[in-house]
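Colleague: pasting the sequence and the predicted coordinates here, then a few questions.
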Amino acid sequence: MTTTPTSDEPLVRLRDLGVTFTGGRKPVHAVSGVTLNIQRGEVLALIGESGSGKSVTLRTLLRLHPERRTTLRGEVRVAGRDVLAMSARELANYRGKVVAMIFQEPLLALDPVYPVGAQIIESIRRHEAVDANTARRRALELFERVRIPSPERRLTAYPHEMSGGMRQRAMIALALACKPQVLLADEPTTALDATVQIQILLLLRELQRELGLSIVFVTHDIGAAVEVADRMAVMYAGRIVEEGTARELIRTPRHPYTQALLQGRAHGAMQRGVALPTIAGSPPDLSALPPGCAFAERCPHVHDNCRVQMPVTEEASPGHWVRCLRLHDIA
């Protein structure tokens, strides 16, 4: 059922979201009890190690997981729509028009047998009643907006004929083709060199402000998150362990995992020849999660209770939420 969201209702609302994959020998609990709100015009960064559930959460907003091998629980509402209750036809109209995605590797996401411009034109005509010439003009405008050089010529180029940076810009143009309200970015700068990464991050932030988009940005790079995010949510073993403004999380991280991620980040104060701090151990097996805190075996502040009692989320300060039993004991 579709409803019109009120002005104070978040554009994206996740409530106790759970995602379990059942195709293997044991069910894999990739996401467990995630609750998030994303406001209109806001940029949220999901950060954490590989396998923490960031991309799974992102893809759930588009229901991209194989239905026969995936069990979804909880609530996912976007622009007043219940995403988990949508039919196949409703999903086809929703994807691209309401929520669009920039995939991690554009060379795999773009169809290799069609020119990039043709793919954008097809997307526009699928969602809007316009002729081919109008759609082509729109595609050209999008290429100009994302600053692809020689945009007229690039419309007829195939994905393999473009550099990594240009392919990523073309992927952004494709995602913006039907004027979505929410843009999902799944580690969009991972395969790019440092200079191009900065260009793409600045472009995303500029387009977000210009178009009033809400963006969910997935990354394991805290430096990248700081460049674009208003708020940050830290994920570990399928759960959000800390959430707050980007400024608050960088200045006063309260969860031991967030603190460890920040300590392991290179910065100007690092001394030459001194090894970066690392997080001991490995993330837990998502098919056999421990009964207590999933980070307990790697945590320097672990207490006996941490291994048996599941922590609840508490508000450490206004708008700053932390899931840790020892929240009030750790400076």
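Modeller: Structure's in. What do you need? Numbering: from 1, shown residues only.
Colleague: switch to C-alpha atoms for all contacts and neighbour counts from now on
Modeller: OK.
Colleague: domain ranges for this structure?
Modeller: Domain ranges of the chain: 10-98+180-266+276-281, 113-179, per automatic domain parsing.
Colleague: quick one: closest of those domains to Gln309.
Modeller: Of all the domains of the chain, domain 10-98+180-266+276-281 sits nearest to Gln309, with 14.7 Å by CA to CA.
Colleague: break down the protein into its helices, ranges please.
Modeller: Using DSSP state H, the helices of the chain run over residues 54-60, 88-94, 106-109, 116-127, 132-145, 151-154, 164-176, 194-211, 222-228, 246-251, 256-263.
Colleague: other residues contacting the fifth one?
Modeller: Judged by CA atoms under 8 Å, 6 or more residues apart in numbering, the contacts made with helix 132-145 from elsewhere in the structure are 117, 120-121, 124-125, 151-152, 155, 169-170, 173, 176-177.
Colleague: could I get these in a markdown table, plus columns for neighbour count and distance to Leu72?
Modeller: Converted to a markdown table, those look like this (neighbours: other CA atoms under 10 Å; distance: CA to CA, whole Å):
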| residue | neighbour count | distance to Leu72 |
| --- | --- | --- |
| Gly117 | 27 | 35 |
| Ile120 | 26 | 31 |
| Ile121 | 24 | 33 |
| Ile124 | 26 | 30 |
| Arg125 | 17 | 31 |
| Pro151 | 19 | 41 |
| Glu152 | 17 | 43 |
| Leu155 | 21 | 39 |
| Arg169 | 25 | 32 |
| Ala170 | 28 | 32 |
| Ala173 | 25 | 30 |
| Leu176 | 27 | 28 |
| Ala177 | 24 | 29 |
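Colleague: so Gly292 sits against His303, correct?
Modeller: No. Using CA atoms under 8 Å, Gly292 is not in contact with His303, being 10.8 Å away.
Colleague: ok, these two, which is more surrounded?
Modeller: A count of neighbours by other CA atoms under 10 Å puts Gly292 above the other of Gly292 and His303, at 16 against 12.
Colleague: now Arg77: closest residue in space that isn't a chain neighbour?
Modeller: Arg13 (5.2 Å; CA to CA, 6 or more residues apart in numbering).
Colleague: just list whatever residues bridge to the one you found.
Modeller: In this structure, Arg13 bridges to Asn37, Arg77 when assessed by DSSP bridges.
Colleague: the one 5 residues further on too?
Modeller: With beta bridges defined as DSSP bridges, Gly18 has these partners: Arg73.
Colleague: relative to Pro180, how far out is it?
Modeller: 25 Å (CA to CA, to the nearest Å).
Colleague: neighbour count winner among those two?
Modeller: Gly18 (22 against 19).
Colleague: burial of Lys97, as a residue count?
Modeller: Using other CA under 10 Å: Lys97 sits among 22 other residues.
Colleague: pretty sure it sits against Lys179.
Modeller: Yes. Applying CA under 8 Å, one finds Lys97 in contact with Lys179, separated by 6.4 Å.
Colleague: against Gln199, how distant is the residue most central in space within the chain?
Modeller: Centroid-nearest residue in the chain: Val218, 3.2 Å away (criterion: CA atoms, centre = their mean). For Val218, the distance to Gln199 (CA to CA) stands at 17 Å.
Colleague: what of Leu213?
Modeller: 18 Å.
Colleague: same thing with Gly244?
Modeller: Distance from Gly244 to Gln199, by CA to CA: 26 Å.
Colleague: over to Pro284?
Modeller: Separation of Pro284 from Gln199 (CA to CA): 35 Å.
Colleague: show me the beta-bridge partners of Val216.
Modeller: Bridge pairing for Val216 - DSSP bridges - gives Leu44, Leu184.
Colleague: from here on, count from 55
Modeller: In the new numbering, first residue 55, that becomes Val270.
Colleague: read off the pLDDT value for it.
Modeller: On pLDDT, Val270 comes in at 96.
Colleague: surely it touches Val97?
Modeller: Yes. In this structure Val270 lies within contact range of Val97 using CA under 8 Å: 5.9 Å.
Colleague: quick one: mean pLDDT for stretch 300-319?
Modeller: 90.
Colleague: got the phi and psi for Gln363?
Modeller: phi -110, psi 130 (degrees, to the nearest 10).
Colleague: which residues does it contact?
Modeller: 345-347.
Colleague: out of those residues, which is nearest to Val167?
Modeller: Cys347 (47.6 Å).
Colleague: that closest one: what's it in contact with?
Modeller: Here Cys347 is in contact with 360-365, 378 (CA under 8 Å, 6+ apart).
Colleague: out of these, who has the most neighbours?
Modeller: Cys378 (24 neighbours).
Colleague: roughly how far does it sit from Arg199?
Modeller: Where Arg199 is concerned, Cys378 sits at a distance of 44 Å (CA to CA).
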